[in-house]
Structures are given as structure tokens and as C-alpha cells.
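Asks: Please work out how this folds:
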Amino acid sequence: MRKRTGYLVAIAVIAGAVGVATVLVSLAPEPDTHEPPSQVPYVNTAPIVAGAGPIPVRGAGTVRPTAEVDIAPQVGGRVAWVDEGFVSGRHVVAGQTLFRLEEADYEFGVRQAEAALAAREVALLEAREDAAIARSEYERYARRQGEDASTKPNPLTLHIPQLKAAEAALAREEAALAQAKLALSRTGVTAPFDGVVHDESVDVGQLVTPGQSLGRLFSSAAMEVVVSLSDADAALVPQIWQYEGVRQRVAAVVLAEYGDVVYSWRAYVDRADASLDAETRTIDVIVHVPDPFAPGVPGAASAAGRSTSPPLLVGKFVEVAIEGLVPDEYFSVRRAALQADDEIWMVRDDGTVRVVPVRVLQRIDDDVYVTGELEDGQLAVTGGIRFATEGMKVRIGEAGGR
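Replies: Okay, here's the model as predicted:
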């Protein structure tokens, strides 16, 4: 009897548990259902822009003068006067006297040469008179002797060598006088061209010798910037290796930073070296700046608050932008869009990828300039995927755009 009761209780407990579980399951909320995520990847993109105008060629270099000379006297002596403008940093003009040496010794030399010349002029007159008398006497002698007129007399008889010697002596004294006057004129040392005094070391009373360097002057008419370019970049400069005929001037802009302001000067490509640098394997392109001491043009974003602009100083490290070739058709894209093996992954309007091989013309900052079968305004993949195949489906992410 007790066993039967125990079985009944166990059965009742199990049945109650099953009932409670059934009720709980029926009351549970239905789970949310979601569509499986798309397998089409998101990509970042940037627009492809059709190029217009010349392709820029960028480089950098140091400003140097087109001409630089030592200032030295051609004669020696004591310095008698120095121009107050002959100091470091001052501008001088061609023909301006920078300093003078004492002239007394050279004036005496001119007087001595003039006296010697006068004496030689008298000697020449005497020699001419002697030669005329000798010829007259010879002719009378020949008539008395009845000699044939075709017989040539001895030159010494006619004083011909003596006359030539007197003429040569006169020419020598004329040259000596000219040399004395030239030495006198060289006591004043002048500037050979318009320029700026780099340094000077001369004072009144200083005793100097011929050829002694007393200062240095560089031309202010123009400056040069030597820009080292790779052979690929140099090949983008029009007519750079044209050595014959008329060559067009390739425009360039020199950019120099003074403080927090960038100033610019107009320039042009003058020439290029005919050989590669043995160490860097680059080509030196010389950019000519015709008016370096004109005030530089400040950048538009930094011009405010600047009352004066600096000149282009010698030794300044600058950047140079050269107007390169103008291809018939080219495009600019973000550097990140250039894939391995020089490919661009262009996204079609239907969201599929087109793999386009390109030829890289130039890389500048974050942009590359290429030629190939691209389309203006289409998007190029810049990130989001590591591999792409022709016709692959992609989605443009929020980062799409330039």
C-alpha cells in the first residue's frame, strides 16, 4: 500500500513539472530574426580627376649667385680712401669706386714715361733727318759716279736701320706711358657689376699688394637654384636637353619660407647638367631667378599683417615648382589608390570593380598623375580591401570622396 502511494506521488510531481515547463515555454517571447550580413565588402574611395595644364615637377635646392668675385687691387700701395658703401650687406652698382690707393707714385711714373716719350720723339725726328740727308748724299754720289740707278745701296748707308730703331724706341715709350696711365687708373678699384657686398676687409692706411683679396661681391641681377631631380622627373621638363636652336623658357616658381610665411618668386629653367651625379644618381637642373631682390609675394593665407617682404637671400634653402609637360590626356588620383603593379581599381556605376593598368607620370605629396583608360569623376578604391578582381562587387563606405 505504501509503495503504491509513493509511486503515485512521484508520478504527480513529474506531471506537474512537465506542465509547468510546457506553460513556461509557451509564454516565452519569440526570438528576433535577422538577415545574414552581406558578403559584399565596404571600400573607401576617392574621385578620379581629369588633368589639365602642365604636370608639376617639384624639387628643392639652395640659392646661389650667378656670379661671385673677389675684390682685389691690380696694383699695390697704401689705401687712401674707402667708400662708406663698401661694407657687408650693402648694394653697389657697376663702375662704383669701392676704394682708392695713393696715386702719387703712379703719377710720378706717368710723368717719367711722358718725359721719356718726348725724348724719343726728338730722337726719331733726328733719325728721320739723318736718313733724308744720307739718301740725298747717296743720290749725288751715284750721279757723279754714273752708277746704275737700279743698284740698291746698303741700308746702313741710307740710315734705314737707325730710323727703324728710333721708331721702335718711340713705340716702346708710348707703351710704357700707356702702362703707367693704366696703373694710375687702377689705383681706384671699382665694382665689376651690380651686386651685394658679401664681406670686406680694407681700411684707410692699409698697405695692400696686387691680387690681395679685400672683399667679396656677388651679383644681384639674378640668382640660381640647383635642383636635383631623378631622371624620370627631369624627363617631364620640356626641352630640357635641347642644346641647339631656340628653346622655350619653362616657367617655375621658387618658394621660400621666412618665419611662418611662404613667399614666391617667378623663375625659369635655364639648363641642366649633361651627366648624372655619381653618388645620388640625380640630374642637376638649374633654375634661374631673374629678380631675386624684388620683394617676394606672400601666400594668400599668410599675407595679412605683413608690411614688408624679404628678398631671396643667398644660401636660403627653397622649394621649386616647375611647369612640366602637358600630355594629351592624364588623370590625378589619391596616392592610396595606386595599387601594386601600377593598377587602379575603379568602381563602376553598378558597384563593380574594374582593374585598370596605368602609367605613372608623377608622384607629388598625396597625389599621383597617371595615364590609362580611366574616367573623370569615377571613384577609385583607396582602402577597405586588400585584393580585387575584375567585376568584383563592392559597396562604397562613408569615407567615399576626395
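Asks: Poorly predicted segments of the stretch 1-150 of the chain, please.
Replies: Where the stretch 1-150 of the chain drops to pLDDT under 70, the residues are 1-10, 12-13, 15-38, 147-150.
Asks: Which stretches in it count as strands?
Replies: For the stretch 1-150 of the chain, strands defined by DSSP state E, counting those that start in this stretch occupy the ranges 42-47, 49-50, 56-65, 68-71, 77-82, 91-92, 97-101.
Asks: tell me what the last one is packed against?
Replies: Spelled out, that is strand 97-101. Other helices and strands packing on strand 97-101, by 3 or more CB pairs under 8 Å, 6 or more residues apart in numbering; DSSP states H and E, are strand 77-82, strand 188-190. The way it works is simple: take the backbone N, C-alpha and C, and place the C-beta from them, glycine included.
Asks: now the first one
Replies: Where contact means 3+ CB pairs under 8 Å, 6+ apart, strand 42-47 is packed against strand 379-383, strand 395-396.
Asks: Which stretch among the helices and strands packed on strand 97-101 is buried most, on average?
Replies: Mean neighbour count (mean count of other CB atoms under 10 Å) peaks for strand 188-190 among the helices and strands packed on strand 97-101, with a mean of 19.
Asks: For burial, what's the neighbour tally of the closest residue to Gly59 other than its chain neighbours?
Replies: Leaving aside its sequence neighbours, Gly59 sits nearest to Val227 (CB to CB, 6 or more residues apart in numbering; 3.7 Å). A total of 28 residues lie near Val227 under the criterion other CB atoms under 10 Å.
Asks: mind putting the helices and strands packed on strand 97-101 in TSV, distance to Glu167 included?
Replies: Converted to TSV, these look like this (distance: least, CB to CB, whole Å):
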stretch	distance to Glu167
strand 77-82	34
strand 188-190	34
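Asks: so which of those strands comes closest to Arg281?
Replies: Of all the helices and strands packed on strand 97-101, it is strand 188-190 that lies closest to Arg281, at 44.6 Å by CB to CB.
Asks: Note down every partner strand of that closest one and its orientation.
Replies: strand 97-101 (antiparallel) (DSSP bridges).
Asks: Run through who's touching the strand it pairs with.
Replies: 71, 73, 75-83, 86, 92, 187-191, 202, 208, 214-215 (CB atoms under 8 Å, 6 or more residues apart in numbering).
Asks: please redo it, this time with the cut-off set to 6 Å
Replies: Gly77, Val79, Ala80, Trp81, Val82, Asp83, Phe86, Thr187, Gly188, Val189, Thr190, Val202 (CB atoms under 6 Å, 6 or more residues apart in numbering).
Asks: could I get it in PDB with only the CA atoms?
Replies: Extracted C-alpha coordinates of strand 97-101, given in PDB (Å, rounded to 0.1, in the frame of the first residue of the first chain):
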ATOM      1  CA  THR A  97      84.600 103.000 -56.900                       C
ATOM      2  CA  LEU A  98      84.900 100.900 -53.800                       C
ATOM      3  CA  PHE A  99      88.300 102.200 -52.500                       C
ATOM      4  CA  ARG A 100      91.400 104.100 -53.800                       C
ATOM      5  CA  LEU A 101      95.100 103.700 -53.300                       C
END
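Asks: between that strand and strand 77-82, how big is the angle?
Replies: 140 degrees (axes from the mean of the first three to the mean of the last three CA atoms, to 10 degrees).
Asks: Identify each of the strands in the stretch 201-350 of the chain and give its residue range.
Replies: 207-208, 215-219, 223-229, 250-258, 261-272, 283-289, 297-298, 317-323, 331-334, 338-339, 343-347.
Asks: circling back to that earlier point, most packed of the helices and strands packed on strand 42-47?
Replies: strand 379-383 (a mean of 21).
Asks: From the contact counts, what lies against it?
Replies: Using 3 or more CB pairs under 6 Å, 6 or more residues apart in numbering; DSSP states H and E, the elements in contact with strand 379-383 are strand 42-47, strand 343-347.
Asks: Indicate which one of the strands of the stretch 1-150 of the chain is closest to Gln248.
Replies: Checked against CB to CB, the stretch from those lying closest is strand 56-65, at 15.3 Å.
Asks: what comes into contact with the closest one?
Replies: Contacts of strand 56-65 (CB under 6 Å, 6+ apart): 218-219, 223-227, 229, 233, 236, 312, 314, 316-317, 319-322, 324, 364.
Asks: May I have the strands that pair with it, each with its orientation?
Replies: Sheet pairing for strand 56-65, using DSSP bridges, gives strand 223-229 (antiparallel), strand 317-323 (antiparallel).
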